[in-house]
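K.L.:
Show me the folded form of this:
(one chain, ligands or ions: 1)
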Amino acid sequence: MVRKLFVGGNWKMNGSFSHIDSFFETVKNAETDSEADIVIGVPACYLKYAQENAPKGIKIAAENCYTKPSGAFTGEISPAMIKDCGCEWVIIGHSERRHIFGESDELIGEKAKHALEEGLKTILCIGELLEEREEGKTNDVCFRQMDALAKNIPNPEAWDKVVIAYEPVWAIGTGKTATPEQAQEVHKLVRGWIRDSVDSCIADKVQILYGGSVTVENAKELGAQPDVDGFLVGGASLEPDFVTIINARK
Ligand SMILES: O=C[C@H](O)COP(=O)(O)O
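P.N.:
Okay, here's the model as predicted:
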């Protein structure tokens with residue numbers, strides 16, 4: 001089955017109003033693949049500005065959200081607030097949330113549930129640490145994380161609002177990319193897990209992105225793998241060259 005290319009950017013805690021202006025100017029002046037889904041995660045304080053100024057075809061995502069619509073949760077933002085900023089996407093379960101901020105599978109599952117119930121589209125991240133890969137636990141970790149997510153997807157239709165990002169933690173921001181074969185192997189297994197544990201039509205349709213040091217140099221080859229439906233790009237999504245990654249299948 002041919003799935004649309006999905007190119008996600010994740011600016012993490014980077015960017016500024018002037019960076020948004022110059023980055024969008026570059027994208028507006030470039031020819032980008034009109035067939036690709038393009039979603040860029042920006043810090044919460046820039047959501048509204050980025051969404052209002054984004055070039056046609058680019059959607060803006062929050063990089064996190066909480067499990068409740070409002071309340072005494074200092075520093076958190078809710079799906080309702082993300083929608084209020086005009087955005088329809090959120091990234092959940094990024095490895096930096098898991099490993100720097102200590103978010104558990106359970107919390108991440110609850111976040112996914114609430115975001116989907118609120119009607120947001122979600123990029124749900126999974127991926128193993130280096131030591132887990134070296135101990136041969138990659139599949140166990142990815143399946144455990146998938147299980148915690150899948151059981152929180154409120155209904156089968158909500159899967160239409162789910163994109164999975166496989167991001168091996170050892171490849172994030174390290175310049176070490178999984179080889180196209182390593183990425184394909186895990187993507188195929190994750191799709192197989194969805195087929196066996198959720199539904200085979202959903203498994204065929206869901207876009208699974210690779211993240212971890214994606215660059216202009218490796219995007220084409222990674223994106224050519226049968227189960228790699230796009231990317232979640234960190235550092236390189238802040239650079240003008242991101243347009244070349246958007247065009248990885250052109
Ligand atoms: O969300 C993006 C990933 O963390 C990858 O980041 P990176 O491309 O800087 O390695």
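K.L.:
Do stretch 50-69 and the ligand come into contact?
P.N.:
No: judged by C-beta under 6 Å from any ligand atom, stretch 50-69 stays clear of the ligand, getting no closer than 8.6 Å. (Glycine included, C-beta is placed from N, CA and C.)
K.L.:
and what of stretch 205-212?
P.N.:
Yes: using C-beta under 6 Å from any ligand atom, we find that stretch 205-212 touches the ligand at 211, 212.
K.L.:
roughly how far out does that stretch sit from the chain middle?
P.N.:
Relative to its parent chain, stretch 205-212 has a centroid offset of 8 Å by C-alpha atoms, centre = their mean, to the nearest Å.
K.L.:
can you check stretch 226-235 too?
P.N.:
Centroid displacement of stretch 226-235 relative to its chain, using C-alpha atoms, centre = their mean, is 8 Å.
K.L.:
So which bits of that stretch are buried?
P.N.:
Neighbour-count burial for stretch 226-235 flags 227, 228, 229, 230, 231, 232, 233, 234, 235 (criterion: 16 or more other C-beta atoms under 10 Å).
K.L.:
Next: stretch 124-131.
P.N.:
124, 125, 126, 127, 128, 129.
K.L.:
For residue 171, see how far away the last one is.
P.N.:
Noted for residue 129: a distance of 11 Å to residue 171, by C-beta to C-beta, to the nearest Å.
K.L.:
swap in residue 24?
P.N.:
When distance is defined by C-beta to C-beta, residue 24 is 28 Å away from residue 171.
K.L.:
Looking at the two, which one has more neighbours?
P.N.:
For residue 24 versus residue 171, the count of surrounding residues by other C-beta atoms under 10 Å is larger for residue 171: 23 against 16.
K.L.:
Need the pLDDT of that one.
P.N.:
According to the prediction, residue 171 has pLDDT 95.
K.L.:
Could you do the one 3 residues further on as well?
P.N.:
Model confidence at residue 174, expressed as pLDDT, equals 90.
K.L.:
Could you measure from it over to residue 237?
P.N.:
16 Å.
K.L.:
More neighbours: which of those two?
P.N.:
Between residue 174 and residue 237, residue 237 has the larger neighbour count (other C-beta under 10 Å), namely 25 against 12.
K.L.:
can you pull the contacts of that one?
P.N.:
8, 9, 10, 11, 40, 245 (C-beta atoms under 8 Å, 6 or more residues apart in numbering).
K.L.:
phi, psi of it?
P.N.:
Backbone geometry at residue 237, expressed as degrees, to the nearest 10, gives phi -80, psi -10.
K.L.:
So it versus residue 1, what's the distance?
P.N.:
Using C-beta to C-beta, residue 237 is found at 27 Å from residue 1.
K.L.:
can you check residue 125 too?
P.N.:
Distance from residue 125 to residue 1, by C-beta to C-beta: 23 Å.
K.L.:
Kindly report the residues of the protein close to the ligand.
P.N.:
Residues of the chain found near the ligand, taking C-beta under 6 Å from any ligand atom as the criterion, are 10, 94, 167, 172-173, 211-214, 232-236.
K.L.:
cutoff 8 Å now
P.N.:
Counting by C-beta under 8 Å from any ligand atom, the residues of the chain close to the ligand are 8, 10, 12, 41, 91, 94-96, 125, 165, 167, 171-175, 211-215, 232-237.
K.L.:
Tell me how many other residues crowd residue 116.
P.N.:
25.
K.L.:
quick one: the helices in the chain?
P.N.:
Assigned by DSSP state H, the chain shows helices spanning 17-28, 47-53, 79-84, 95-99, 105-117, 130-134, 138-150, 180-197, 200-205, 216-223, 242-246.
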